[in-house]
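In: the amino acid sequence is not available; the structure is as follows:
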């Protein structure tokens, strides 16, 4: 774990040479070597890359969704939290490098909620998206022919989505057990009914269309699950701030924009993973090798889905800025008046859209 940080001088005693380099104290996140203290003007409240461009957002989300972060120990996550929070408070560990600081920041972001600061449930973290979704989506695409299989895997998928949507909600307002239950039941029912309806329709279409039953169900379920899981935000609003992160109030209008952006991103994530593998598998299953070893069907399908998700997850998260914005004139009239009174120079407000 990290040592207690001190602001005292690091100069060597008289007559002794100060060590030229000193190992970072933020082990196991450190490892870089540097002399001198790190300056305090690095803005780690924002991502390392420019979020005004798609490329910058993509680089950011490739770090946030890195599946290797799921394997980090509790001690490593705690070290990252202490490093980040102390740096924000103006306390720098002796030997801490800029690269080690940014690494700690991204480890922290991968495990702790940006609004509440609480450690997120491990399978709900964005770093768990690829390993969890490749298993579930691969299974949905493999076992789509029978009604029990469709129902079971849609239930598994919506159970997982419910955890992800709650874990990555925007704002700091808790949901009640009744609200969570209603969202879960509504999304699962919607996904199953959509899947069964499209499955029935697909029997009158070319055989390959049956492979797209899971995608249609997932797209429909996202339109149900996400708004239900975040219904409190739609009712009471999400926090909006000025450019200096000063909280100005809560806005349901901002919540609607945030949720719409998340729905588009989630459906976008599913497109490559649920549209490309079915086409490839439709061809492979006709080959003699796959007919000889049908047991390979599921592993190959899961592998193809995983390959798609490694790229689709961060790229679709990057479609919209994490710190979204809207004009004050687009907010509720009451909130507009409040902002004009407390911060008349503010014309644009910002909010965390969630993931």
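Out: Here it is on my side, so go on. Every value quoted in this text rests on a predicted model; they were computed, and no experiment measured them.
In: pLDDT score for residue 257?
Out: Reported pLDDT at residue 257 in the predicted model: 93.
In: what sits against it?
Out: The contact partners of residue 257, taken as C-beta atoms under 8 Å, 6 or more residues apart in numbering, are 324, 326, 353. For every residue, glycine as well, the C-beta is placed using N, CA and C.
In: residue contacts, residue 59?
Out: Contacts here follow C-beta under 8 Å, 6+ apart; on that basis residue 59 touches 48-49.
In: now do 6 Å
Out: When contacts are counted by C-beta atoms under 6 Å, 6 or more residues apart in numbering, residue 59 touches residue 49.
In: and it, which helix or strand is it part of?
Out: Residue 59 is part of helix 54-64 when elements are defined by DSSP states H and E.
In: just give me how far that helix sits from the chain centre.
Out: Between the mean C-alpha point of helix 54-64 and the mean C-alpha point of its chain there is a distance of 11 Å (C-alpha atoms, centre = their mean, to the nearest Å).
In: quick one: buried residues of the helix or strand just after that helix?
Out: Scanning forward in sequence from helix 54-64, with DSSP H and E defining helices and strands, the next element found is helix 74-88. Neighbour-count burial for helix 74-88, with 16 or more other C-beta atoms under 10 Å as criterion, is recorded at 76-77, 79-84, 86-87.
In: most surrounded residue in the contacts of residue 257?
Out: With neighbours taken as other C-beta atoms under 10 Å, the top of those is residue 353, carrying 23 neighbours.
In: ok, that residue touching residue 261?
Out: Yes. With contacts counted by C-beta atoms under 6 Å, residue 353 reaches residue 261, the gap being 5.3 Å.
In: before we move on, the earlier item: with respect to residue 199, which of the buried residues of helix 74-88 is nearest?
Out: Minimum distance to residue 199 across these is 41.9 Å, recorded for residue 77 (C-beta to C-beta).
In: distance of the closest one from residue 139?
Out: Applying C-beta to C-beta, to the nearest Å, the value for residue 77 to residue 139 is 29 Å.
In: same check on residue 191?
Out: Distance of residue 191 to residue 139, computed by C-beta to C-beta: 14 Å.
In: of these two, who's got more company?
Out: residue 191 (28 against 20).
In: host element of that one?
Out: Per DSSP H and E, residue 191 falls inside helix 177-202.
In: which parts of that helix are buried?
Out: 179-180, 183-184, 186-188, 190-192, 194-196, 198-199, 202.
In: do a quick rundown of the helices in this structure.
Out: Secondary structure of the chain (DSSP state H): helices located at 54-64, 74-88, 98-111, 129-142, 147-167, 177-202, 213-229, 231-236, 252-284, 288-292, 297-317, 333-342.
In: distance to residue 245 added to these, as a markdown table?
Out: Shown next, in a markdown table, are those (distance: least, C-beta to C-beta, whole Å):
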| stretch | distance to residue 245 |
| --- | --- |
| helix 54-64 | 18 |
| helix 74-88 | 12 |
| helix 98-111 | 16 |
| helix 129-142 | 27 |
| helix 147-167 | 23 |
| helix 177-202 | 28 |
| helix 213-229 | 25 |
| helix 231-236 | 19 |
| helix 252-284 | 15 |
| helix 288-292 | 55 |
| helix 297-317 | 22 |
| helix 333-342 | 14 |
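In: among those helices, which comes closest to residue 117?
Out: With C-beta to C-beta, the closest approach to residue 117 among the helices of the chain belongs to helix 74-88: 8.7 Å.
In: point out the other helices and strands that that closest one packs with.
Out: helix 98-111 (3 or more C-beta pairs under 6 Å, 6 or more residues apart in numbering; DSSP states H and E).
In: what is the rounded mean pLDDT of the helix it packs on?
Out: Throughout helix 98-111, pLDDT has a mean value of 90.
In: can you give me how far that helix is from the chain middle?
Out: 15 Å.
In: for the stretch 151-300 of the chain, give me the ranges with low pLDDT.
Out: 169-175, 207, 210 (pLDDT under 70).
In: any chance of the contacts of residue 257 in JSON lines, plus distance to residue 246 and pLDDT?
Out: Below are the contacts of residue 257 laid out as JSON lines (distance: C-beta to C-beta, whole Å; pLDDT from 0 to 100):
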{"residue": "324", "distance to residue 246": "17", "pLDDT": "89"}
{"residue": "326", "distance to residue 246": "16", "pLDDT": "91"}
{"residue": "353", "distance to residue 246": "19", "pLDDT": "87"}
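In: skipping its backbone neighbours, what lies nearest residue 150 in space?
Out: Once flanking residues are discounted, residue 150 sits nearest to residue 195: 5.0 Å by C-beta to C-beta, 6 or more residues apart in numbering.
In: likewise for residue 111?
Out: For residue 111, the nearest residue in space outside its immediate sequence neighbours is residue 77; the separation is 4.9 Å by C-beta to C-beta, 6+ apart.
In: of all the helices of the chain, which lies closest to residue 42?
Out: Evaluated over the helices of the chain, closeness to residue 42 peaks at helix 98-111, with 6.5 Å, by C-beta to C-beta.
In: show me what the closest one is packed against.
Out: With contacts taken as 3+ C-beta pairs under 6 Å, 6+ apart, helix 98-111 sits against helix 54-64, helix 74-88.
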